[in-house]
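**Q** All I have is the shape, not the residue letters:
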């Protein structure tokens with residue numbers, strides 16, 4: 001087990017909640033019982049991770065999302081049945097931890113259900129000390145990395161546009177990502 005993975009998710013019993021804020025929103029890749037709009041307080045969604053694998057390479061990095069400290073983040077909480085808990089954690093580690101740029105943590109998230117309940121959910125928070133941590137980049141820098149990025153999961157542009165579409169479908173627009181998406185959509189607009 002990597003030092004950036006916590007043993008708590010496996011030690012706990014019962015259903016597992018997973019907080020999705022990026023590609024997990026539109027391509028979770030695991031079986032779940034329900035999905036509920038949710039909010040995590042204390043971290044925010046940021047395009048702050050150089051992608052050397054899924055959406056770029058070390059020579060031509062892309063740019064993907066991470067939860068970075070401060071603020072709040074709206075996303076989706078997925079409830080996984082207890083019997084799928086271990087398999088889901090193994091799947092998420094294989095998917096999210098290919099380069100160990102994230103810390104696997106349990107965070108409180110507030111569900112936007114009738115009861116507005118709070119649950120503890122598995123989340124992946126960026127490691128600010130990792131070489132892939134990009135920090136805060138200008139819009140022009142983000143556009144450049146996203147345009148060049150292509151990795152084993154496809155084009156970086158597609159990742160950003162699919163995430164913006166998922167956010168809009170949930171009714172939680174992200175102004176910075178939306179601005180980037182507008183620039184990327186202009187790439188394929190017909191020239192006059």
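**A** Yep, it's here. Keep in mind that what you see is a predicted model, and the values were worked out from it rather than measured. Residues are numbered from 1 along each chain as shown.
**Q** hey, let's count contacts and neighbours off CA atoms from now on
**A** Fine.
**Q** Got the phi and psi for the residue nearest to residue 162 when sequence neighbours are not counted?
**A** Leaving aside its sequence neighbours, residue 162 sits nearest to residue 26 (CA to CA, 6 or more residues apart in numbering; 7.1 Å). Main-chain torsions, residue 26, degrees, to the nearest 10: phi -110, psi -10.
**Q** got the contact list for the residue lying closest to residue 159 once chain neighbours are set aside?
**A** Nearest residue to residue 159, sequence neighbours excluded (CA to CA, 6+ apart): residue 23, at 7.1 Å. For residue 23, the contact set (CA atoms under 8 Å, 6 or more residues apart in numbering) comprises 159, 162, 163.
**Q** ok, now which ones touch the residue nearest to residue 162?
**A** 162, 163, 166.
**Q** Now do stretch 56-73: everything it contacts.
**A** 21-22, 39-52, 55, 102, 124-126, 142, 145-152, 155-156, 160.
**Q** so where do the helices sit in this protein?
**A** Taking DSSP state H as the criterion, the chain carries its helices at 8-11, 23-26, 85-96, 139-148, 156-169, 175-186.
**Q** right, and the ones you listed - which one's nearest residue 74?
**A** helix 156-169 (8.6 Å; CA to CA).
**Q** What helices and strands are in contact with that closest one?
**A** helix 23-26, strand 62-80, helix 139-148, helix 175-186 (3 or more CA pairs under 8 Å, 6 or more residues apart in numbering; DSSP states H and E).
**Q** Go through those and name the closest to residue 113.
**A** strand 62-80 (10.8 Å).
**Q** in the closest one, what counts as buried?
**A** 62-69, 73-80 (16 or more other CA atoms under 10 Å).
**Q** Same check on stretch 119-130?
**A** For stretch 119-130, by 16+ other CA under 10 Å, it's 119, 120, 121, 122, 123, 124, 125, 126, 127, 128.
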